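> no sequence for this one, just the structure:
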């Protein structure tokens, strides 16, 4: 009990960052017996300035691809229609085992009777052209990509130590939309990061509208002791954070409705997740 000392924290962090074993992870199933979440990767080497995960979860570790294929095959045989690939840094899958996420997708789409595979989240700079071509050419891969943005201000992206700028992000999104017809793109966004002023917020809202995300998962910046951002000057007041979150959520609702409207009079294949009253 009680808060650990600085020495204990340091010892824990060093131990975790040297952990290179991939612990077995159970498969999460839904009551409707339709979708299953399969974690294929753990850990992260990215060290964004706001994030404690690289310290708490250690470096990238990937589940053995043969195990992944075996588990998905078993889920499909047991009636699951959609498998969602999850991880802390999914696009970096295989980096530690001389393998790639692209290779994993190529192996997965060969599984007999698999109806749909979905990528839970992937970074913009990891959506390579070969991966985009796989998504474009294979009906089994959902035409939906969750691509974290985190900020629509280049100043804030640099303070976050993200590995792209807005021009790179927008150029890739435009290429994705040219390659994959009717793709749905959702994102994550942090508001109220240290030093984020009203101009940064205006730039973010403008960028969100330009990209036209289907949905924006928005979070107020939360200080994590031990990260670089926690010791930055100009921390933002909680009231301002809540106001900015509300503004982005209102925009997200509008963009989501715009996406639904764009689907009117079209026929789409869906997976029935729940049957009620016939």
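Cool, the structure landed. Being a predicted model, the structure only gives us computed values, none of them experimental. Residues are numbered from 1 along each chain as shown.
> so where do the strands sit in the chain?
Remark: strands assigned in the chain by DSSP state E are 28-29, 35-42, 61-62, 82-87, 116-119, 144-146, 184-191, 215-220.
> nearest to residue 263, out of the ones you listed?
Distances from residue 263 to each of the strands of the chain were compared by C-beta to C-beta, and the smallest falls on strand 184-191, at 9.7 Å. Quick note: C-beta positions are derived from backbone N, CA and C, even for glycine.
> same for the closest one, what does it pack against?
strand 144-146, helix 166-179, helix 198-211, strand 215-220, helix 238-262 (3 or more C-beta pairs under 8 Å, 6 or more residues apart in numbering; DSSP states H and E).
> just those: most buried one?
By mean neighbour count, with neighbours taken as mean count of other C-beta atoms under 10 Å, strand 144-146 ranks first of these at a mean of 20.
> what is it packed up against?
Secondary-structure packing of strand 144-146 (3+ C-beta pairs under 8 Å, 6+ apart): strand 116-119, strand 184-191.
> that one: how far from the chain's middle?
8 Å (C-alpha atoms, centre = their mean, to the nearest Å).
> need the residues that contact that strand.
Applying C-beta atoms under 8 Å, 6 or more residues apart in numbering, the contact partners of strand 144-146 are 118-122, 127, 135, 176, 183-188, 214.
> nearest to residue 55, of the helices and strands packed on strand 184-191?
Of these, the one closest to residue 55 (C-beta to C-beta) turns out to be strand 215-220, at 19.1 Å.
> avg pLDDT for the closest one?
Per-residue pLDDT values across strand 215-220 average out to 97.
> cool, and stretch 161-179?
Taken as a whole, stretch 161-179 has a mean pLDDT of 97.
> and what of stretch 109-125?
For stretch 109-125, the mean pLDDT works out to 96.
> span of that stretch from start to end?
With C-alpha to C-alpha, to the nearest Å as the measure, the ends of stretch 109-125 fall 23 Å from one another.
> who touches it?
The set of residues that contact stretch 109-125 without belonging to it, under C-beta under 8 Å, 6+ apart, is 37, 69, 72-73, 76-77, 81-87, 89-91, 101, 105, 108, 134, 138, 140-142, 144-149, 163-164, 168-169, 172-173, 188, 271.
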